[in-house]
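> mind folding the following:
(one chain, ligands or ions: 1)
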Amino acid sequence: MNGEYDVVVIGSGAGGLLAALRAAENGLSVVVLEKAALYGGTTATSGGAIWVPCHGLGDHEDSREQAESYLNHVTGGEAHGERLTAYLDHAPEMVGWMQSLGIGWDMLEGYPDYFTEAPGTVPGRALAPAEVDGKLLGEDYLNMRLPFGAFMLLGRYSMGLDQAFSLSARLPGWQRVAAGIFAKYWLDPLWRLRTKRDRRATMGNAAIAALRLALKQRGVPVMLETPLRRIEAQDGRVTGVEVEREGALARIGVGKGLVLAAGGFEQSQHLRDENLPVSTSAEWSLTPRSGNTGDALIAADALGADREFMANCWWAPSTMLPSFDDPEDIQPQQMFFDHRHPHSLVVNGLGERFLNESCSYDEFGKAMIADQQRTGANLPCWLIFDATYRDKYGCGSIMPGSIMPDRRIPAHFWDRWFYRAPSLAELADKIGLPVDALEASVAQMNKAVAADRDEAFGRGASAYDRFFGDQSVAPNPSMGPVAAPPFYAIRIELGDLGTKGGLKVDGDARVISTSGEAIEGLYAVGNCAASPFANCYPGSGGTIGPAMVFGYVAADHIAGTSGSA
Ligand SMILES: Cc1cc2nc3c(=O)[nH]c(=O)nc-3n(C[C@H](O)[C@H](O)[C@H](O)COP(=O)(O)OP(=O)(O)OC[C@H]3O[C@@H](n4cnc5c(N)ncnc54)[C@H](O)[C@@H]3O)c2cc1C
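Prediction:
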C-alpha cells in the first residue's frame, strides 16, 4: 500500500474527518488513516456538542465582543490571542459551511456557558449534531465506535443530547421523552432484524456519521487499522508518513500537508505519569481503551516539534464499577451529572467538603487536584447521598432506585464499589472516613440547604449550577437535604475526557518547532494539539468545537485559501 495524497490525515475523530472533508471540498486529494479497527475516536463516543459563539442559528443573540470578553476572562490570559481570534473568526463560518453541505446542527436552547458569572457569557452557544440515519452509511455504520454506554438509554437506545438532559434533569415530560425513544427503536422491524444497534445516530455518533457520509460521497478513503509510525521530512518539510498495515510497514507520500488528528495521550500511562500534576490512572479515563496514546506527539518529536499545556486534561469525574453480570469486568463510568444532583455532597478522604459540587466537570477535576495537593487525601473522593437521591437519580451505571431498586443491584457491587448504611456513622466506618468529620460536612450541607445559601462553597449560587440541577426541587434545584436514611457512598476518581496539552500550534494550526518556526507541511488539530483555551473548558462543546474549527483552518491553509498561506 503505497501512494501519495495532497493531504494525509491521521485519526478519524471530529478533527480529522472535518479536516479531510474541508480539504476534499478544496479540491485536494485526501486519505484518512486510522489506527483502530473502528473509526470515530473519542468523538464518536461523546456527547458531540460543539461550542460556537455567534453561530447565527435560530434566534440566538450573541456578539463577537461578548464572546471575546468571555474567552479572555475565563482563559485567564494563558491562551494565545491569535488562536482565540482564529477560533472566533472561523467557528461560525465553519457551522454555516457544514449546514450548506447538509450537516445539521441544533442550538441547545438555554444551555449556559460553564462560567455564568463571567463577563460576556451568553446562553445557547452549545450546538448538538442533528440526528443521522445510520442506514445511509450501509455497512460502514457498524464500523463506527459505539456511543459511551451511559449515553444510550438502558445501554442500548440512542438519545439526543437534549433528550439525555431532559431525562437526567427530570424536566417536565421526561417520561414522554423516554417512551418516544423506545417507540422509535422498536417500531423499526426491518432494522431490528438486522442489528441490535439503534439506527438513529445521535450525539457524537451523529457528528461522526454525518462527516463519514460526506467523505464517502466524495470518495475519500478512511483506512482502518493503519497506525502512523513515523513522519518523514526533507529539508525541514514533511514529505510522507510511515504506517503499519497488515503487519508490514508502508509509505504514503504527503504532497501538501499532513494533519495530525490522533487525539491526546490519555491512554498512555507513561505519558500521564510524565506530565500530569498528580498520580492518575489511564483506567479512570472515560475515553476508549484502545485509543489515544500520544503517537502523533512522539512522531512529531523527531521533527523538533514543541509542546504546550501538557499538565492538563479535560477533567471529568468517573467511578469504577463492574458490569452487572461479570464482577471482573470493571469499567469507568461517567459521574458528571451525578455530583450535581440535590440530596448529595462530596467529601475528601478526611470527610471534608472541598468544592462546589455543582460546578462543571472540568472545574471538579481541578478542585480534586488542588485538594489532593493540599491534603494528600483526595484521590479518591466520595459522593455521599441519601435515600431521596437514590430513589430519583442514577449514579454511574446504577439506575435510579425507582427503576432499579437496591435488591436488583448485584451482590458483587455492595461494600466494594457501592456502599449503603442505615446511619452516616456506619457509612463513614464502612468507607474509612472519620465519623465526626463526615457528620459535620453533612450538617454544613443541610444548613446551606435550609438557608438556600452555601457559605462555604457557593453551591447553587450560579445560573450554571441551577440549570443543571433538578428543576422539580425548590427553592434551589442544586441542593436538597441529605437526611433520609439509608445513606449511600460511591468513590469518585479523577477521570477525564481526553488530554488538553499537545503540540504547540499557531493560529493556522501549523505545528511550531522548539526553535519557534512553523514546521512546513505539518498541522495538528484536536487533542493532538495544545488546547486553544489553555487550561479552560469554556462551555459544552469546548473540545470538539476547536478540534473541528482548527481542522477547517488547517485544510484551508494547506489549500492556500486562508489569509496567511
Ligand atoms: C463520554 C464523553 C463525552 C464527551 N462529550 C463531549 C461533548 O459533548 N463535547 C465536547 O466538546 N467534547 C466532549 N468530549 C470530549 C471529546 O470527545 C474529545 O475531546 C474529542 O472527541 C477529541 O477529538 P479528537 O479528534 O482530538 O480525537 P478523537 O476523537 O479521539 O480521534 C482521534 C483518533 O485518532 C486515532 N489514532 C490515535 N493514534 C493514531 C495513530 N498512531 N495512527 C492513526 N490514528 C491514530 C484514534 O484511534 C482516534 O480514532 C467527551 C468525551 C467523552 C469520553
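> give me the element the nearest residue to residue 292 once chain neighbours are set aside is part of.
Nearest residue to residue 292 in three dimensions, chain neighbours excluded: residue 263, at 3.2 Å (Cβ to Cβ, 6 or more residues apart in numbering). The C-beta positions use only the backbone N, C-alpha and C, and glycine is treated the same way. Here residue 263 sits in a region with no helix or strand, counting by DSSP states H and E.
> ok, whichever residue of the stretch 401-550 of the chain sits closest to the ligand - contacts?
In the stretch 401-550 of the chain, the residue that lies nearest the ligand is residue 526 (2.2 Å; Cβ to the nearest ligand atom). Residue 526 makes contacts with 11, 13-16, 261, 263-264, 543, 546-547, 550-551, as judged by Cβ atoms under 8 Å, 6 or more residues apart in numbering.
> run the last query once more with 10 Å
11, 13-16, 18-19, 41-43, 259-264, 292, 296, 498, 502, 509, 543-544, 546-548, 550-551 (Cβ atoms under 10 Å, 6 or more residues apart in numbering).
> and for residue 474?
Contacts of residue 474 (Cβ under 10 Å, 6+ apart): 452, 480.
> i'd like the first residue to be 52 from this point on
With 52 as the first residue, the last one maps to residue 525.
> which of the three states applies to it?
coil (DSSP: H, G, I helix; E, B strand; the rest coil).
> OK, contacts around the residue positioned nearest the centre of the chain?
Nearest to the geometric centre of the chain sits residue 548, at 4.4 Å (Cα atoms, centre = their mean). Residue 548 sits next to 93, 96-98, 199, 315, 317, 336-338, 364-367, 369, 385, 387, 412-413, 416, 578, 588, 593-595 when contact means Cβ under 10 Å, 6+ apart.
> do you know the pLDDT at the residue nearest to residue 501 when sequence neighbours are not counted?
What sits nearest to residue 501 in space, not counting adjacent residues and going by Cβ to Cβ, 6+ apart, is residue 532, at 7.7 Å. At residue 532, the model reports a pLDDT of 98.
> and residue 539, that's in a strand?
Yes: under three-state DSSP, residue 539 sits within a strand.
> isn't it up against residue 469?
Yes: Residue 539 is within contact range of residue 469, at 7.2 Å (criterion: Cβ atoms under 10 Å).
> mutual contacts of the two, please.
Common neighbours of residue 539 and residue 469 (Cβ under 10 Å, 6+ apart) are 446, 449, 457.
> the first one against residue 386, yeah?
Yes: taking Cβ under 10 Å as the definition, residue 446 is a contact partner of residue 386 at 7.6 Å.
> quick check: neighbours shared by those two?
Jointly contacting residue 446 and residue 386 under the rule Cβ under 10 Å, 6+ apart are 370, 434, 541.
> now do the contacts for the last one.
Read it as residue 541. 370-372, 384, 386, 389, 395, 431, 433-436, 446-447, 449, 464, 468-470, 482.
> what of the first one?
Contacts here follow Cβ under 10 Å, 6+ apart; on that basis residue 370 touches 335, 382-386, 389, 431, 433-434, 446-449, 468-469, 541-544, 546.
> residue 426 now?
Counting by Cβ under 10 Å, 6+ apart, residue 426 has contacts 399, 400, 401, 403, 405.
> most surrounded residue in the residues you listed?
residue 399 (26 neighbours; other Cβ atoms under 10 Å).
> separation between it and residue 424?
12 Å (Cβ to Cβ, to the nearest Å).
> equivalent analysis for residue 188, please.
Taking Cβ to Cβ, one finds residue 188 at 46 Å from residue 424.
> the two: which is more packed in?
Taking neighbours as other Cβ under 10 Å, residue 188 and residue 424 compare with residue 188 leading, 19 against 11.
> secondary structure class for that one?
Residue 188 ends up helix, using three-state DSSP.
> once you drop chain neighbours, what's closest to the residue nearest to the centre of the chain?
residue 365 (4.2 Å).
> part of a strand, is the one you found?
Yes: applying three-state DSSP, one finds residue 365 inside a strand.
> that one: how many residues sit nearby?
Using other Cβ under 10 Å: residue 365 sits among 26 other residues.
> OK, contacts around it?
93, 315, 317, 336-338, 412-413, 416, 546-551, 578, 582, 584, 586, 588, 593-594.
> tell me how far the longest helix seen in the chain is from the chain's mean position?
In the chain, with assignment by DSSP state H, the single longest helix is helix 132-151. The gap between where helix 132-151 is centred and where its chain is centred comes out at 20 Å by Cα atoms, centre = their mean, to the nearest Å.
> list the helices and strands it packs on?
Counting contacts by 3 or more Cβ pairs under 10 Å, 6 or more residues apart in numbering; DSSP states H and E, helix 132-151 packs against helix 65-76, strand 101-102, helix 115-125, strand 156-158, strand 177-180, helix 254-268, helix 595-610.
> just put the ones you listed in TSV and tack on mean pLDDT, distance to residue 194 and mean neighbour count.
Below are the helices and strands packed on helix 132-151 laid out as TSV (pLDDT from 0 to 100; distance: least, Cβ to Cβ, whole Å; neighbours: other Cβ atoms under 10 Å):
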stretch	mean pLDDT	distance to residue 194	mean neighbour count
helix 65-76	98	13	29
strand 101-102	98	23	27
helix 115-125	97	37	18
strand 156-158	96	24	20
strand 177-180	97	19	28
helix 254-268	98	9	25
helix 595-610	98	20	28
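> make a markdown table out of those and add distance to the ligand.
Output for the helices and strands packed on helix 132-151, formatted as a markdown table (distance: least, Cβ to the nearest ligand atom, whole Å):
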| stretch | distance to the ligand |
| --- | --- |
| helix 65-76 | 4 |
| strand 101-102 | 6 |
| helix 115-125 | 15 |
| strand 156-158 | 12 |
| strand 177-180 | 8 |
| helix 254-268 | 6 |
| helix 595-610 | 3 |
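> so which of these gets nearest residue 164?
Closest to residue 164 of the helices and strands packed on helix 132-151, according to Cβ to Cβ: helix 115-125, at 6.6 Å.
> list the contacts of that closest one.
Residues contacting helix 115-125 (Cβ under 10 Å, 6+ apart): 103-105, 113-114, 130, 132, 135-136, 138-140, 142-143, 164-166, 168-173, 176, 583-585, 587-590, 593.
> residue 542 is in contact with residue 429, correct?
No: assessed by Cβ under 10 Å, residue 429 is found out of contact with residue 542, at 11.4 Å.
> more crowded one of these two?
The neighbour comparison of residue 429 against residue 542 (other Cβ under 10 Å) goes to residue 429, with 25 against 20.
> residues touching the residue lying closest to residue 446 once chain neighbours are set aside, list them.
Nearest in space to residue 446, with sequence neighbours left out and distances taken as Cβ to Cβ, 6+ apart, is residue 389 at 5.1 Å. Counting by Cβ under 10 Å, 6+ apart, residue 389 makes contact with 201, 219, 368, 370, 395, 397, 408, 434, 436, 440, 444-447, 449, 541, 543.
> try residue 59
71, 74, 80-84, 279, 282, 289, 291-292, 294, 303-311, 572.
> so where do the strands sit in the stretch 452-601 of the chain?
469-472, 538-543, 547-550, 553-554, 561-563, 569-575 (DSSP state E, counting those that start in this stretch).
> which residues are contacting the first one?
Contacts to strand 469-472, defined as Cβ under 10 Å, 6+ apart, come from residues 370, 372-373, 433, 435, 438, 441, 446-447, 449, 457, 460-461, 463-466, 477-482, 536-542.
> so which of these are also by the ligand?
Cross-checking these against the ligand (Cβ under 6 Å from any ligand atom) gives no overlapping residues.
> can you select the buried ones from the residues you listed in ChimeraX?
A single ChimeraX command selects the buried members of those (16 or more other Cβ atoms under 10 Å):
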select :370,372,373,433,435,438,441,446,447,449,460,463,464,478,479,482,537,538,539,540,541,542
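> partners of the longest strand that the chain contains, with directions?
Identified as the longest strand of the chain according to DSSP state E is strand 299-311. Using DSSP bridges, the strands paired with strand 299-311 are strand 54-61 (parallel), strand 288-296 (antiparallel), strand 569-575 (parallel).
> near the ligand, which residues of the stretch 402-551 of the chain show up?
548, 549.
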